[in-house]
Structures are given as C-alpha cells and as structure tokens.
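*Asks:* got a sequence here, can you build the structure:
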Amino acid sequence: MVLIEEAVLSPTSRGPDECCLSWEPPPKAEFTSLHTMSTQCSNTFTRGSNLRKNTGEKPFECTVCNKKFARSSRLHDHFRTHSGEKPFECTVCNKKFASSSNLHDHLRTHTGEKPFECTVCNKKFASSSNLHDHLRTHTGEKPFECTLCNKKFSESGKLRTHLRTHTGEKPFECAVCCKTFSQSSNLSVHLRTHSGVKSFECTVCNKKFASSSNLHGHLRSHTGEKPFECTVCSKKFVQKSHLHAHLRTHTGEKPFECTVCNKKFASSSNLHGHLRTHTGEKPFECTVCNK
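*Replies:* Next up, the predicted model:
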C-alpha cells in the first residue's frame, strides 16, 4: 500500500499550566505519489486521509487521552478539548467553538437549516452528529454506560445529565427565584411558572399546562391509567410525583415544614393546605349554598 503521509500533530508541554501544539511535517519525498491504492479493494485515492477512511486506520493519537484519529486535522481540533482553546466565534451571538465544523453546525441554529435527514422517519437535523444520535432511537443501541449504576444511554449528553443524579449537581439556576436544576429543559419548564405561559392544552377538557410532561400526567385522569406502582403496598398512581409523596407514608419522612408553626408534612400539597389555617384563606366554595 502506497500512502501519502500528513503532518504529525503532537502536544508538547511548556509548563504546568501551558500547552501548545507542534507540527512535524514529513519529508517532501513522501508527497511524490499522486494516488494511493487500498490493499483491501481496487479503489484509488488522491489523499492518504481518504484511504484511511476506507481502511479504518487511525494513526494520529492524542497523547493526553489516547483517542485516535484518521486525520491530523481532527486530532488538532480534538486537542482543544484539553487545552480549552475556542478560536472559532459565531458572528451572530459571539459563542465560541473549538472547531470550525462545530461553528458551522451551530450557525444552523440561527438559519434554521437542517440538511441531515433520517432515512427511517424523515426527521431532519442541523448536524450529522445529531442525526447519528437520533438513529440509535431506531436501532436501540445504547453505547454510553454509567459507571456507577450501569444504566445505558443512546447519547453522551444524556449520560452527562444522568450523572448529575449521582453527584447532585444542579448547574442551571432560575434568575427569578434562584431555584437550581440538573437539566436546562427543566429550567425552561420552571420559568413558565413565572411567566404564566401554558402552551400545552388538553384536547378533552381544554385545561392548559406549562409543560408537555404535566399534560401527559393530566391525560391519565381521563384514561384512568395508573402506571406508577408502590413496591411496598402495590398502590398505583397517575403521576410519579404522587408515588414519591406516597412512599413517605411508609418511610415516615416529612420534608415539608411550615415556617409559621414548624409542623412537618409528607407532601407539599398537604403543607399548602395547612398554611390556610394560618392565613384564613378559604378558596373552595359550595356551588349550592355558596358557603
């Protein structure tokens, strides 16, 4: 196999907090061949990197984490995940990226372009990596495994989010009430409690909700479905939160405390009901006698 070599990329240390990337170009004689031929098939290539894509060879290795790449340019981009360098900046929102390809993918969030289409369900995506992740919903593949509980995920991002259930990390904070969340999506749903926006409507009774999950939970009140079962007494519930509150009747846990009299309750709804004994509020009116 005749192979055109590319420049070799390797990180070198300059100090405890400093890092650089150095290039070692191969001798000019190695660039004399115009074509390369694979030993596995009859295809010919004008670039060694294209040949390596065909053979699966990955000769460029990161000296920090040992990840391998078929192209030196990919190693160059990857090494910025270690150095923290983000030289590519979006001219629309000023967000910065480690590689030009990541910037190009990001720009589609501004243009709305989605050129990558799933051949199974025709759903479209802004980046090939998002399409790749989506395809696992069809294949069932879950290559990302939690080392703590062995739960598996189809996307690395979902694994990162899951790990916060073990660490307790909640990096997303509400700017209004300072409540923190482990997922940005949960913060987005929470913000609607401040804005009052309820864009999800029940088609049966027209009641509106701030999130799709709340609507799905509500729909079970119409269907009678109770998918959440107590492992202690087998009682079933419409929503997972109701099951969690019920489990405290078995454990005796009462995490909700009245700030007026310090009485404790197993659920927030019971605490809210109790608070009315202090405020005198009576929001429920009889439709017969108006008492």
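*Asks:* which residues are contacting stretch 221-238?
*Replies:* In this structure, residues lying in contact with stretch 221-238 by CB atoms under 8 Å, 6 or more residues apart in numbering are Cys202, Val204, Cys205, Gly217, Arg220, Gln239, Lys240, His242, Leu243, His246, Leu247, His250. C-beta coordinates here come from the backbone N, C-alpha and C atoms, glycine included.
*Asks:* please tell me how far stretch 187-197 is from the chain's geometric centre.
*Replies:* 20 Å (CA atoms, centre = their mean, to the nearest Å).
*Asks:* how about it: buried residues?
*Replies:* By neighbour count on 16 or more other CB atoms under 10 Å, the buried set for stretch 187-197 is Leu187, Val189, His190, Arg192.
*Asks:* repeat that for stretch 100-119.
*Replies:* Within stretch 100-119, the residues that qualify as buried are Ser101, Asn102, Leu103, Asp105, His106, Leu107, Arg108, Phe116, counting by 16+ other CB under 10 Å.
*Asks:* so which of the buried residues of stretch 187-197 are in helices?
*Replies:* Using DSSP state H, the members of the buried residues of stretch 187-197 that fall within helices are Leu187, Val189, His190, Arg192.
*Asks:* now the second one: how far from Asn290?
*Replies:* Taken as CB to CB, to the nearest Å, the spacing of Val189 relative to Asn290 amounts to 37 Å.
*Asks:* again, but for the first one
*Replies:* Between Leu187 and Asn290 the distance is 42 Å, computed by CB to CB.
*Asks:* same check, this time on the third one
*Replies:* Per CB to CB, His190 is found 36 Å from Asn290.
*Asks:* going by distance to His166, which of the ones in helices among the buried residues of stretch 187-197 wins?
*Replies:* Nearest to His166 among those: Leu187, at 19.7 Å, using CB to CB.
*Asks:* what residues does the helix or strand harbouring Ser241 touch?
*Replies:* Element membership for Ser241, per DSSP states H and E: helix 240-251. Outside helix 240-251, the residues that touch it by CB under 8 Å, 6+ apart are Phe228, Glu229, Cys230, Val232, Cys233, Lys235, Phe237, Lys254, Pro255, Ala266, Ser267, Ser269.
*Asks:* can you name the element that comes right after that helix?
*Replies:* Per DSSP H and E, the first helix or strand lying C-terminal to helix 240-251 is strand 256-257.
*Asks:* what is that next one packed up against?
*Replies:* In terms of contacts (3 or more CB pairs under 8 Å, 6 or more residues apart in numbering; DSSP states H and E), strand 256-257 is packed against strand 264-265, helix 268-279.
*Asks:* the inter-axis angle of the last one versus helix 240-251?
*Replies:* With axes from the mean of the first three to the mean of the last three CA atoms, to 10 degrees defining the directions, helix 268-279 sits at 80 degrees from helix 240-251.
*Asks:* where in the stretch 101-250 of the chain is pLDDT low?
*Replies:* Nowhere does the stretch 101-250 of the chain drop to pLDDT under 70.
*Asks:* where along it do the helices fall?
*Replies:* 128-139, 156-167, 184-195, 212-223, 240-251 (DSSP state H, counting those that start in this stretch).
*Asks:* okay, those helices in TSV with distance to Lys282 next?
*Replies:* Below are the helices of the stretch 101-250 of the chain laid out as TSV (distance: least, CB to CB, whole Å):
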stretch	distance to Lys282
helix 128-139	50
helix 156-167	40
helix 184-195	24
helix 212-223	25
helix 240-251	24
